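K.L.:
Got a predicted structure here, sequence first:
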Amino acid sequence: MASVNCPLPEVERQRYLEIATEAALAGGAVLQQYWGKLSEIEEKGRAGDLVTVADRQSEAAVLDVLQRHCPHHAILAEESGFSGMQQNEFLWAIDPLDGTTNYAHQYPFSAVSVALLVAGEPHVGVVYDPFHRELFRGATGLGSTRDRQRIRVSDTSELSKSLLVTGFAYDRHDTDDNNYAEFCYLTHLTQGVRRGGAAAIDLAYLACGRLDGYWERGLSPWDLAAGVVIVREAGGVVTAYDQSPFDLASGRILATNGHLHAALSTALQRVKPLGFAFLPDD
């Protein structure tokens, strides 16, 4: 897939990629520092939406790097929200700990995600998994890498031979549009559907060919922005469920190696919500 157009010259894209890398590595060092040492875990409004001191300290480390290098850029961070001018052409989208639930349970599947949007479009992305020491990077027109080595999406062309990944949003207990039916249906059509619990890593794994397709709903821009760049630059395709243009603000994504895109889109549109009902505990 051809890269989307970027208004920045290549030298600028490369510079911002190095800044994003420095920021992601700084956040990852904090996550390693707090690993297995959490004394308190909080919920942020919605049941199961966790936050820890590791989230906040990782975000502080990421912000420190970005503010030193790019003091006039706007920032959208998961824990501290938006800062800077609303109409700024440059916006950094940051998830300092994607996979907080995993991290809180000492399940080593979490990452720092740092992306730069230019005029609303993601053009630079870095995902760093400090537990497996894997660094995924991408920038428009520059390709994608894992640990500085070029990566490409898989060649799998049949759903029956594919391995997919998905996730479930925090509001899954309160809506019929909860992705359960899609998960069940596609589990039967494929070699399997994984649920990793960290969208940034799911997208990075798709980009390097470990997975063949990914869909999910209920996500935030900081969950997706970096991974979208990395998938696109590795030759993948990213759209809405119905193959219309991807909208970062929608929270819905369909990403594949390209070969499976139409088939996976069609399968998703065939599914009707199961309408599971959950009764409150007495």
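P.N.:
That came in fine, so what should we check first?
K.L.:
Provide a list of residues in contact with Gln269.
P.N.:
Contacts for Gln269 (Cβ atoms under 8 Å, 6 or more residues apart in numbering) come out as Tyr241, Asp242. C-betas here are computed from N, CA, C, even on glycine.
K.L.:
and the residue nearest to the spatial centre of the chain, what does it touch?
P.N.:
For the chain, the residue sitting closest to the mean C-alpha position, by Cα atoms, centre = their mean, is Ala200 at 2.8 Å. Residues in contact with Ala200 (Cβ under 8 Å, 6+ apart) are Asp95, Asp98, Gly99, Ala111, Ser113, Val127, Asp223, Leu224, Ala226, Gly227.
K.L.:
Restricted to helices, list the residues you listed.
P.N.:
Using DSSP state H, the members of the contacts of Ala200 that fall in helices are Asp223, Leu224, Ala226, Gly227.
K.L.:
Identify the spatial nearest neighbour of the first one, chain neighbours not counted.
P.N.:
So that's Asp223. Nearest residue to Asp223 in three dimensions, chain neighbours excluded: Ala199, at 4.4 Å (Cβ to Cβ, 6 or more residues apart in numbering).
K.L.:
ok, that neighbour touching Asp98?
P.N.:
Yes. Between Ala199 and Asp98 a contact is recorded at 6.3 Å, counting by Cβ atoms under 8 Å.
K.L.:
okay, and the common contacts of these two?
P.N.:
Among the neighbours of Ala199, those also in contact with Asp98 (Cβ under 8 Å, 6+ apart) are Asp223.
K.L.:
okay, now Asp147: neighbour count?
P.N.:
Residues contacting Asp147 under the criterion other Cβ atoms under 10 Å number 10.
K.L.:
OK, contacts around it?
P.N.:
Asp147 makes contacts with Glu134, Leu135, as judged by Cβ under 8 Å, 6+ apart.
K.L.:
rerun that using 6 Å as the cut-off
P.N.:
For Asp147, the contact set (Cβ atoms under 6 Å, 6 or more residues apart in numbering) comprises Leu135.
K.L.:
From Arg68, how far out is it?
P.N.:
25 Å (Cβ to Cβ, to the nearest Å).
K.L.:
Show me what the longest helix that the chain contains is in contact with.
P.N.:
Ranked by residue count, the top helix of the chain under DSSP H comes out as helix 10-34. Residues from elsewhere that reach helix 10-34 (Cβ under 6 Å, 6+ apart): 54, 57-58, 61-62, 65-66, 69, 96, 112, 114, 116, 124, 126, 128, 130, 139.
K.L.:
Would you map the helices across the stretch 101-250 of the chain?
P.N.:
Taking DSSP state H, counting those that start in this stretch as the test, the helices found in the stretch 101-250 of the chain are 180-189, 199-207, 221-233.
K.L.:
can you redo the ones you listed as TSV with distance to Gly251?
P.N.:
Converted to TSV, the helices of the stretch 101-250 of the chain look like this (distance: least, Cβ to Cβ, whole Å):
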stretch	distance to Gly251
helix 180-189	15
helix 199-207	10
helix 221-233	8
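K.L.:
Any idea which of those helices gets closest to Pro9?
P.N.:
Closest approach to Pro9 among the helices of the stretch 101-250 of the chain is made by helix 221-233 (16.8 Å; Cβ to Cβ).
K.L.:
Can I get the closest one as CSV, trimmed to CA atoms?
P.N.:
Extracted in CSV, the C-alpha atoms of helix 221-233 (Å, rounded to 0.1, in the frame of the first residue of the first chain):
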residue,chain,number,x,y,z
PRO,A,221,-6.6,8.2,19.4
TRP,A,222,-3.6,7.5,21.6
ASP,A,223,-4.3,3.7,21.4
LEU,A,224,-4.2,3.7,17.6
ALA,A,225,-2.2,6.6,16.2
ALA,A,226,1.3,5.1,16.4
GLY,A,227,0.3,1.6,15.3
VAL,A,228,-1.6,2.9,12.3
VAL,A,229,1.6,4.5,10.9
ILE,A,230,3.6,1.4,11.5
VAL,A,231,1.1,-0.9,9.8
ARG,A,232,0.7,1.4,6.8
GLU,A,233,4.4,1.7,6.3
